[in-house]
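J.: Below is the sequence, then the predicted model.
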Amino acid sequence: MIKPERLKKGDKIAIVSLSSGMIGDKQFIHKYFLGKKRLEEEFGLKVVAMPNALKGSTYLFEHPEARAKDMMDAFKDKSIKAIICAIGGEETYRLLPYIDFDVIKNNPKIFMGFSDSTTNHFMLYKAGVVSFYGPNIMCNFGEYGKMFDYEKKAILDILFGNSENYEIKPSEYWCDDFIPWNEKNINKTKSLKKDTKGYELLQGKGTVKGKLLGGNLEMISSMLGYFEDDWYEGDHDLGVNTKVFVDRYQIFPSKEEWKNKILFIETAEVKPTPKCFEKMLLTLADYGIIENINGMIVGKPQEEKYYEEYKEVLKRVIGKLRPDLPILYNVNFGHASPITIIPYGIECELDCKNKKLTLTERCLEDTNKKEKI
């Protein structure tokens with residue numbers, strides 16, 4: 001795989017809407033301008049929205065080719081150093097007919113987002129380019145009040161710094177507040193709660209290593225054909241259609257590709273029931289993922305909904321299949337608040353005794369020479 005170049009002040013980055021187009025809707029567009037201002041003033045970057053990114057929900061749902069064009073054009077543009085997703089959604093798989101994997105491979109650059117962006121990350125993974133499961137514009141950079149210090153540090157450390165032997169530490173606080181996005185009181189802040197749990201080791205011992213691969217559990221399950229109709233609004237036959245597209249364009253890693261990986265998974269804001277959570281884990285097991293991996297990293301459930309129930313499901317299901325497989329729980333990424341960054345294809349060490357996660361190699365290059373990993 002190819003490592004893109006790391007960021008520096010003055011770099012130009014592009015904002016894309018590859019899933020939902022809501023950031024361009026009248027009641028939400030202030031979130032874009034807030035995120036843009038923060039990226040420019042606090043990180044020293046130059047921010048541009050790709051031509052279709054702010055055209056709104058209706059247009060972008062009806063025109064997946066426009067979303068894909070923004071993505072391809074952003075990769076082709078030599079002046080753009082990174083691409084950040086506006087928000088997730090539910091059907092970015094519809095971009096697949098318009099994706100040129102050679103364009104991505106020949107123009108590697110930082111790509112970051114989470115949730116439905118899991119599908120986009122698998123596009124980059126197929127192209128052989130490292131990408132980053134991390135903050136997007138609406139949820140993170142466009143946060144009301146201020147951006148969480150934990151998130152800001154992760155961006156500076158991983159995207160701007162040298163992340164070799166970098167420990168991904170747990171956040172000392174968490175948040176279950178939600179300020180409606182149609183409110184324009186940008187100075188309103190969220191209340192924080194002290195995290196008394198830290199990372200929890202559910203099973204396993206010793207130290208294991210493996211390259212990171214995973215994403216949002218609902219999206220991964222839908223790629224494998226399992227989806228609950230009431231997870232999202234609308235009638236898009238997501239589970240069926242996602243698998244058809246993913247199979248046709250062969251972006252889901254083969255069973256053999258999962259061998260010796262560290263799987264990272266997290267659940268979305270729909271907060272699937274423990275029964276659905278169990279079905280999703282079994283879907284991964286049926287495909288052959290669980291039997292091949294070296295360890296698991298599981299994200300903090302949003303608002304800690306089903307926190308204890310998910311733990312019990314993991315210990316029961318994975319414990320039966322792989323009783324010695326290390327599982328580290330309550331990691332801050334995805335739909336938790338705040339979140340860190342998880343890089344695809346980078347080797348990670350999971351230390352069970354000390355409950356530590358460490359990136360054992362740097363994620364990004366310093367020069368125009370790309371290092372294969």
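T.: Perfect, I can see it now.
J.: quick one: the helices in the stretch 1-150 of the chain?
T.: Taking DSSP state H, counting those that start in this stretch as the test, the helices found in the stretch 1-150 of the chain are 29-43, 57-62, 64-76, 101-106, 118-127, 149-154.
J.: Buried residues, the fourth one. List them.
T.: For helix 101-106, the buried set under the neighbour-count rule, 16 or more other CB atoms under 10 Å, comprises 104-105. For the C-beta atoms, the positions are set from N, CA and C on the backbone; glycine is no exception.
J.: Okay, angle between whichever strand or helix holds residue 264 and helix 118-127 too, please.
T.: Following DSSP states H and E, one finds residue 264 within strand 262-266. Between strand 262-266 and helix 118-127, the angle comes out at 160 degrees (axes from the mean of the first three to the mean of the last three CA atoms, to 10 degrees).
J.: Was I right to think residue 192 contacts residue 174?
T.: Yes. Between residue 192 and residue 174 there is a contact under CB atoms under 8 Å: 7.2 Å.
J.: And those two? Which one has more around it.
T.: For residue 192 versus residue 174, neighbours defined as other CB atoms under 10 Å are more numerous around residue 174 (22 against 16).
J.: Tell me who's in contact with the more buried one.
T.: 192-193, 195, 300, 304, 332, 336-338 (CB atoms under 8 Å, 6 or more residues apart in numbering).
J.: Which of the residues you listed ranks first by neighbour count?
T.: Within the contacts of residue 174, residue 300 tops the neighbour count with 28 neighbours, counted by other CB under 10 Å.
J.: Hmm, residue 338 and that one touching each other?
T.: No. Residue 300 is beyond contact range of residue 338, at 10.0 Å (criterion: CB under 8 Å).
J.: what do those two both touch?
T.: In contact with both residue 300 and residue 338: 174, 332, using CB under 8 Å, 6+ apart.
J.: Poorly predicted segments of this structure, please.
T.: Scanning the chain for pLDDT under 70 picks out the ranges 229-240, 367-373.
J.: Show me the domain layout of it.
T.: Following the assignment in automatic domain parsing, the chain carries domains at 12-160, 167-359.
J.: Make TSV out of those domains and add distance to residue 5.
T.: Listed next are those as TSV, based on distance: least, CB to CB, whole Å:
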stretch	distance to residue 5
domain 12-160	7
domain 167-359	14
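J.: looking at those, which is buried most?
T.: By mean neighbour count, with neighbours taken as mean count of other CB atoms under 10 Å, domain 12-160 ranks first of these at a mean of 21.
J.: Between the two ends of that domain, how far is it?
T.: 13 Å (CA to CA, to the nearest Å).
J.: Setting aside sequence neighbours, what's the nearest residue to residue 222?
T.: residue 242 (4.3 Å; CB to CB, 6 or more residues apart in numbering).
J.: quick one: that neighbour is in a helix?
T.: Yes. Using DSSP: H, G, I helix; E, B strand; the rest coil, the assignment for residue 242 is a helix.
J.: can you give me how far the lengthiest strand in the chain is from the chain middle?
T.: Longest strand in the chain, counting residues (DSSP state E): strand 207-216. How far strand 207-216 lies from its chain's middle: 13 Å, per CA atoms, centre = their mean, to the nearest Å.
J.: Tell me the spacing between the residue of the chain positioned farthest from its centre and residue 358.
T.: Residue farthest from the centre of the chain, counting by CA atoms, centre = their mean, is residue 320 at 28.1 Å. With distances taken as CB to CB, to the nearest Å, residue 320 is found 29 Å from residue 358.
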